[in-house]
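In: dropping the sequence and predicted coords here.
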Amino acid sequence: MVFFVRVAANVCDGNRNIRLRFPSRPTLREVAAAAESYFAAAALHPSPAFQLGALLLLDEHAFAWVELYSAAQLSTDCQLYAFEGRRTRRPTPAGPWQRPRVKQRGGREILPPPAATVACRALPPAGSSPPSAPLDDWDDSACGPADGADTRRSHGSLPAAGPERTDGVGTATLWRGRGRLRGVFDGLDAERKGYLRLADLQRAVDAQRSVFVNYSAQTLLALADQDGDGRVSYKEWVGFAVSHPAVVDALSAAGALDSRLGGRGMMGCEHAPQPSLTPAEACRLSAEAYNRSRAILTREEARLAADAVRLNFLRDKWEEEKKRKQKAKAKTNGRTPRRKK
């Protein structure tokens with residue numbers, strides 16, 4: 001299965017974007033080596049030309065750049081941004097290059113479209129960079145006039161916290177709790193796998209058993225796992241959050257409470273209060289979180305019950321329609337045609 005990955009970088013004082021083509025889902029090492037090889041050739045600087053320092057992934061749902069720590073986070077035709085390591089240190093949330101905004105076109109922030117598609121082969125066991133061959137003719141030179149407009153538009157700038165893919169996705173259609181959604185997913189994914197398994201959901205349910213009275217980890221996994229592979233990707237998690245926002249709200253409230261109580265996050269089993277909080281304050285915060293979570297889950301249970309009634313009605317209606325069509329078909333087949341005189 002062919003797998004495409006878009007990678008952008010600031011080369012020759014301008015943002016450049018390419019599409020890497022792999023024969024299958026690549027590893028992070030293969031993506032990094034292919035991107036470094038291409039941008040090193042495009043920079044036209046003395047060796048070493050371009051040394052990759054960090055890769056960030058554009059979260060299409062949260063509309064923000066997030067840390068790339070697992071190949072499981074990659075989806076075909078996803079957008080990455082490569083930061084040069086020899087000129088800039090590894091990015092930090094409060095680093096010196098806090099993602100300055102790129103210039104906008106029509107009020108929307110974009111990266112230039114991919115200028116070329118590059119075929120990449122898997123890395124050999126020795127670990128050398130994979131040879132790359134262009135599939136399309138490169139009309140743009142390293143800093144040539146073919147992409148001059150894009151280079152001038154993004155001169156001396158890095159991608160913003162909300163750059164837009166060129167497919168026209170806008171911020172108006174995004175889920176309102178985009179930051180909270182990513183935070184809950186990262187909190188559940190304690191091992192940084194890039195996806196959630198039953199054990200991750202089980203720890204969350206066990207830690208908040210008083211809240212998830214009518215939910216089990218198996219139920220959450222069955223609802224969120226759309227392709228049935230036994231794990232929940234971030235894309236599937238977004239779909240689950242859209243259809244069951246109350247569950248995500250409950251997990252978010254539990255994580256916020258843990259952080260205020262000085263616990264180890266929503267995965268922790270015991271939450272020891274900090275010295276600044278008295279036992280009465282800790283009990284009050286816990287009661288508030290419980291009441292809030294139970295309220296939203298009660299609304300969720302009512303919504304699910306209404307959905308079940310509606311689905312039963314539609315199923316009965318479909319069965320009646322099916323029987324009616326069968327009777328009409330049987331009546332038509334049993335009717336003998338009249339002979340012509």
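Out: That came in fine, so what should we check first?
In: what's the first helix or strand after the helix-or-strand element of the chain with minimal mean pLDDT?
Out: Within the chain, no helix or strand scores below helix 148-153, which has a mean of 34 by mean pLDDT, DSSP states H and E. Using DSSP states H and E, the helix or strand that follows helix 148-153 in sequence is helix 178-188.
In: for the stretch 151-300 of the chain, what are the low-confidence residue spans?
Out: Residue ranges of the stretch 151-300 of the chain with pLDDT under 70: 151-180, 208-215, 246, 253-300.
In: please tell me how far residue 10 sits from residue 112.
Out: According to Cβ to Cβ, to the nearest Å, residue 10 stands 11 Å off from residue 112. Glycine gets a C-beta too; all of them are placed from N, C-alpha and C.
In: look at these two and report which has more neighbours.
Out: residue 10 (23 against 19; other Cβ atoms under 10 Å).
In: does that one touch residue 53 like I think?
Out: No - using Cβ atoms under 8 Å, residue 10 is not in contact with residue 53, being 11.6 Å away.
In: between the two, what contacts are shared?
Out: Here residue 10 and residue 53 have residue 84 as joint contacts, going by Cβ atoms under 8 Å, 6 or more residues apart in numbering.
In: ends of stretch 57-72, what's the gap?
Out: 12 Å (Cα to Cα, to the nearest Å).
In: and this protein, what are its domains?
Out: 3-173, 178-309 (automatic domain parsing).
In: just so I have it, where are all the strands in the stretch 1-150 of the chain?
Out: Using DSSP state E, counting those that start in this stretch, the strands assigned to the stretch 1-150 of the chain run over residues 3-10, 15-22, 52-59, 64-67, 78-84, 104-105, 108-109, 117-120, 132-134.
In: can I get the ones you listed in JSON lines including mean pLDDT and distance to residue 250?
Out: JSON lines is the format used below for the strands of the stretch 1-150 of the chain (pLDDT from 0 to 100; distance: least, Cβ to Cβ, whole Å):
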{"stretch": "strand 3-10", "mean pLDDT": "88", "distance to residue 250": "35"}
{"stretch": "strand 15-22", "mean pLDDT": "88", "distance to residue 250": "39"}
{"stretch": "strand 52-59", "mean pLDDT": "79", "distance to residue 250": "22"}
{"stretch": "strand 64-67", "mean pLDDT": "76", "distance to residue 250": "23"}
{"stretch": "strand 78-84", "mean pLDDT": "84", "distance to residue 250": "29"}
{"stretch": "strand 104-105", "mean pLDDT": "46", "distance to residue 250": "37"}
{"stretch": "strand 108-109", "mean pLDDT": "50", "distance to residue 250": "33"}
{"stretch": "strand 117-120", "mean pLDDT": "85", "distance to residue 250": "43"}
{"stretch": "strand 132-134", "mean pLDDT": "40", "distance to residue 250": "47"}
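In: reformat the ones you listed as TSV; add distance to residue 182.
Out: Below are these laid out as TSV (distance: least, Cβ to Cβ, whole Å):
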stretch	distance to residue 182
strand 3-10	20
strand 15-22	23
strand 52-59	6
strand 64-67	6
strand 78-84	15
strand 104-105	24
strand 108-109	19
strand 117-120	28
strand 132-134	32
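In: for residue 243, which of those strands is the nearest?
Out: strand 52-59 (19.1 Å; Cβ to Cβ).
In: paired strands for the closest one, with orientation please.
Out: strand 64-67 (antiparallel), strand 78-84 (antiparallel) (DSSP bridges).
In: angle of that strand against helix 178-188?
Out: Put simply, strand 52-59 runs at 120 degrees to helix 178-188, going by axes from the mean of the first three to the mean of the last three Cα atoms, to 10 degrees.
In: I'd say residue 184 and residue 250 touch.
Out: No - Residue 184 lies out of contact with residue 250 (Cβ under 8 Å); the separation is 9.7 Å.
In: where's residue 237, which helix or strand?
Out: Residue 237 belongs to helix 234-243, assigned by DSSP H and E.
In: what's that helix packed up against?
Out: helix 178-188, helix 217-224, helix 245-261 (3 or more Cβ pairs under 8 Å, 6 or more residues apart in numbering; DSSP states H and E).
In: if you set the cut-off to 6 Å instead, what comes out?
Out: Contact here means 3 or more Cβ pairs under 6 Å, 6 or more residues apart in numbering; DSSP states H and E; on that basis helix 234-243 packs against helix 178-188, helix 217-224.
In: so what touches that helix?
Out: Contacting residues not belonging to helix 234-243 are listed as 61, 181, 185, 223, 224, 226, 248 [Cβ atoms under 6 Å, 6 or more residues apart in numbering].
In: which of these are buried? Put it as a PyMOL command.
Out: The buried residues among those can be selected in PyMOL (16 or more other Cβ atoms under 10 Å) with this line:
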select buried, resi 61+181+185+223+224+248
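In: widest-spaced pair of the contacts of helix 234-243?
Out: 61 and 223 (17.6 Å).
In: what is the neighbour count of the closest residue to residue 8 other than its chain neighbours?
Out: Closest residue to residue 8 apart from its sequence neighbours, by Cβ to Cβ, 6 or more residues apart in numbering: residue 17 at 4.2 Å. For residue 17, the neighbour count with other Cβ under 10 Å is 22.
In: ok, now residue 315?
Out: A count of nearby residues for residue 315, using other Cβ under 10 Å, gives 10.
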